[in-house]
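**Student:** build me a model:
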Amino acid sequence: MRNIGIMAHIDAGKTTTTERILFYTGKSHRIGEVDDGEATMDWMEQEQERGITIQSAATTAYWKHGGDLQSIQEYQINIIDTPGHVDFTAEVERSLRVLDGAVAILDAVKGVEPQTETVWRQAERYQVPCIGYINKMDRTGADFFQVLADVKEKFGMETVAVQIPMGKENAFEGVIDLLEMEELRWEGREGETIMRTPLAAERKEEAAQWREKLIDALSAVSDAITEKYLAGELIPQVLIRSELRRAVLERKLLPMLAGASRRNMGVQPLINAVIDYLPAPDEIKSAAGHHQKKEEDVPVPCNPEGIPLGLVFKIQNDREAGSLCYVRMYSGTIKPGSMLFNVGKRKRERANRILRMHSNKSEALDELAAGDIGVIIGMKLAQTGDTIGSEGWPVLLDTMQFPEPVISVSLEPRTISEGDKLKDILAILSREDPTFTAKENDETGQLIISGMGELHLDVLVTKILKDYGLQARAGNPQVTYRESIGKAIERTERFSRVIAGKENAAALTMKLEPLKRGSGNRYSNTVKNKERIPDAIFEAIERGVRGAMDSGILLGYPCIDVGVTILDMEYSELTGTEFACEGCASMGFDEAARNADPFLLEPIMAVDLFSPKEFVGDVISLVTQRGGQVLSMDSKGGTDQVKASAPMEKMFGFMTALRSVSQGRATFSMEFSHFEKKS
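**Tutor:** From the prediction side, this is the model:
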């Protein structure tokens, strides 16, 4: 079994390649094209209209493969096709969290693009072994060897070519397999037949050079190869493949393949490489879990006979079936109808049905075993990142980190009854997407929805209007600010209220201090003689402080990078209620923060621009006009890459302005970088 993700920058050919994999493995009977809106994996109406992937889609294919490492057998490949647009980075994040290996697809013309670097960092964080596939070798400007160098420089990873292309651009005719030292060409209407021929005389020298480089890179990470190399012995195929596999699993080497998926060239060897070099679920390091009762970290080995334990990595709402919970099983086996325990929420749930997904279609499963990925229907409380298992072994798996939403729009329903319906829809959408939030502004009564970018919110608003048939009007995008303080301050707050004849009183001394930017909020309690005060009182104080932080100081935006220390408190058993302590903490924070030089923080975006050389001056001046700072410039062929940072507030409508100064030839992408004091 292999659990793999297909990841890359937008428009590098992820979905196109996945469609070929499904066709050659017999999962689909015709190739669906993204350009025609007929791709199997892009099943959402919006994906077909926009020609991009919005949601990660899962499918399972079967492939018979054998070779030097093993006899021919059938492999199950669970594939997740992820989006390439930066606004949908959460879909990539949660997919990589549960996958064992990934295929990084690169554009042979553009090389490493901004989002490629982002997904690579995500794969690095989860230590996911990868193989590379350089696609679009038939395009004008394609350069396999330039992309190899680009990957090595940008990823800081040693790359090895296991294939090199024969020709490029219009003259691209196939690849040379450096392990078999053969020429591979594709024939048949759909490229289903691979013709293997011996190396032509004029290609032998170049192939020998690149094979030498492959052996050289392997010998740097393998003693077995080094010994044979130094002894001048012939290095057997089996040893090369097994040592290359080991190096990939240890993330020491990145093998690169070449192809042109749109022309049905290069995909079958890529499927073979997935099986040859990417890990099976039981070959990766045991998942890390935290035993809640014993308060210790425990390894979770991949064993179908073990105690059931799985991670919910995605929730998708289905009109008929309700919540589809995508689960990766790490240990044990679950069957339909079995009772599961949500470890984090400490609630029991029932798995009514278990399905294997093929994009938006499904088939029923008799069981879901360790290492596999499937969908459970029937769980009502589960959310992305929840661990499901059994009460006897309450182990929590590491959850996922999602970026903060940075852009907001207001939504206004036409009628009050539609307002209630809208709130239900928003609750469903925020369960599906962890980077989407919806809340009501207390002062204006407006419903504010927040997301990762203009496209993200546009997709969500279209979904609400079209898929759910709701009449609502979306306002213009707004920036989500943050607030913080400029100096440290101490304050003693007293609280006294008589409610229903009973006195509620509390007094707290707290210290507020600014923290380093990006370090988050910190709360601590240094009150002496804590044992004489109930825990519920301290919980109420923390609740009051954190609630006040969330509701802001000046304009109601959440506070960040503030340290709060409770220094002292006056407590009486007769009057010291939880209500009094929570109210006192909240009021104390508000008053102290107002006197601690509060200020507004605005989101700063990291902007990557690609422009033809002749327009780069206009593009840079456009960025600086919007308060941006150019950080670096890099030249690639006839294109200049400009890295800049700019306030998000000034970047609305930037695409239109960029197109007009570059005759529509410059492109850009941006993602949230950090918060900075608003000037």
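**Student:** now the phi/psi pair for residue 651, please.
**Tutor:** phi -100, psi 0 (degrees, to the nearest 10).
**Student:** might you list the low-confidence residue ranges for the protein?
**Tutor:** Within the chain, the stretches with pLDDT under 70 are 28-55, 66-71, 84-87, 89, 406, 441-445, 477, 636-638, 664.
**Student:** which residues touch residue 288?
**Tutor:** By C-beta atoms under 8 Å, 6 or more residues apart in numbering, the contact set of residue 288 is 297, 299, 300, 397, 398. Every C-beta, even on glycine, is put in place using the N, C-alpha and C of the backbone.
**Student:** surely residue 351 touches residue 336?
**Tutor:** Yes. When contacts are counted by C-beta atoms under 8 Å, residue 351 is listed as touching residue 336 (6.3 Å).
**Student:** which one's more surrounded, those two?
**Tutor:** residue 351 (23 against 18; other C-beta atoms under 10 Å).
**Student:** mind checking the SS state of residue 426?
**Tutor:** Three-state call for residue 426 (DSSP: H, G, I helix; E, B strand; the rest coil): helix.
**Student:** tell me where the stretch 501-650 of the chain has strands.
**Tutor:** 502-514, 522-525, 562-570, 599-612, 629-636, 639-647 (DSSP state E, counting those that start in this stretch).
**Student:** parallel or antiparallel, which strands does the shortest one pair with?
**Tutor:** Taking DSSP bridges as the criterion, strand 522-525 pairs within the sheet with strand 562-570 (parallel).
**Student:** OK, contacts around the closest residue to residue 182 other than its chain neighbours?
**Tutor:** Nearest residue to residue 182, sequence neighbours excluded (C-beta to C-beta, 6 or more residues apart in numbering): residue 196, at 4.9 Å. Listed by C-beta under 8 Å, 6+ apart, the contact set of residue 196 reads 177, 180, 182, 183, 184.
**Student:** what's the answer for residue 313, then?
**Tutor:** 94, 95, 97, 98, 326, 327, 328, 384, 385, 400.
**Student:** hmm, 10 Å instead?
**Tutor:** Applying C-beta atoms under 10 Å, 6 or more residues apart in numbering to residue 313 gives the contacts 56, 58, 80, 93-99, 325-328, 373, 384-386, 399-400.
**Student:** show me which of those residues are buried.
**Tutor:** 56, 58, 80, 93-99, 325-328, 373, 384-386, 399-400 (16 or more other C-beta atoms under 10 Å).
**Student:** just the ones in strands from the residues you listed, please.
**Tutor:** 58, 80, 325, 326, 327, 328, 373 (DSSP state E).
**Student:** need the max-distance pair from those.
**Tutor:** Maximum pairwise distance in those, criterion C-beta to C-beta, is 15.2 Å, between 80 and 325.
**Student:** where is the longest helix in this protein?
**Tutor:** Among the segments of the chain that qualify as a helix by DSSP state H, the longest is helix 201-219.
**Student:** counting by contacts, list what it packs against.
**Tutor:** strand 159-161, strand 163-166, strand 174-177, strand 182-187, helix 223-230, helix 237-249, strand 254-258 (3 or more C-beta pairs under 10 Å, 6 or more residues apart in numbering; DSSP states H and E).
**Student:** is it possible to export those to JSON lines including mean neighbour count?
**Tutor:** Below are the helices and strands packed on helix 201-219 laid out as JSON lines (neighbours: other C-beta atoms under 10 Å):
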{"stretch": "strand 159-161", "mean neighbour count": "21"}
{"stretch": "strand 163-166", "mean neighbour count": "24"}
{"stretch": "strand 174-177", "mean neighbour count": "23"}
{"stretch": "strand 182-187", "mean neighbour count": "17"}
{"stretch": "helix 223-230", "mean neighbour count": "14"}
{"stretch": "helix 237-249", "mean neighbour count": "18"}
{"stretch": "strand 254-258", "mean neighbour count": "25"}
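**Student:** okay, the ones you listed in JSON lines with distance to residue 408 next?
**Tutor:** Formatted as JSON lines, those follow (distance: least, C-beta to C-beta, whole Å):
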{"stretch": "strand 159-161", "distance to residue 408": "41"}
{"stretch": "strand 163-166", "distance to residue 408": "47"}
{"stretch": "strand 174-177", "distance to residue 408": "48"}
{"stretch": "strand 182-187", "distance to residue 408": "49"}
{"stretch": "helix 223-230", "distance to residue 408": "55"}
{"stretch": "helix 237-249", "distance to residue 408": "42"}
{"stretch": "strand 254-258", "distance to residue 408": "39"}
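**Student:** select, out of those, the one closest to residue 508.
**Tutor:** helix 237-249 (54.4 Å).
**Student:** C-alpha coordinates for the closest one, CSV please?
**Tutor:** Provided in CSV are the C-alpha atoms of helix 237-249 (Å, rounded to 0.1, in the frame of the first residue of the first chain):
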residue,chain,number,x,y,z
GLN,A,237,20.6,-2.8,-10.3
VAL,A,238,19.0,-4.3,-7.2
LEU,A,239,21.5,-2.5,-4.9
ILE,A,240,21.0,0.8,-6.7
ARG,A,241,17.2,0.7,-6.3
SER,A,242,17.3,-0.5,-2.7
GLU,A,243,19.8,2.1,-1.6
LEU,A,244,18.0,4.9,-3.5
ARG,A,245,14.8,3.8,-1.8
ARG,A,246,16.5,4.0,1.6
ALA,A,247,17.9,7.5,0.8
VAL,A,248,14.4,8.7,-0.2
LEU,A,249,12.8,7.4,3.0
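**Student:** any idea of the angle it forms with strand 254-258?
**Tutor:** 110 degrees (axes from the mean of the first three to the mean of the last three C-alpha atoms, to 10 degrees).
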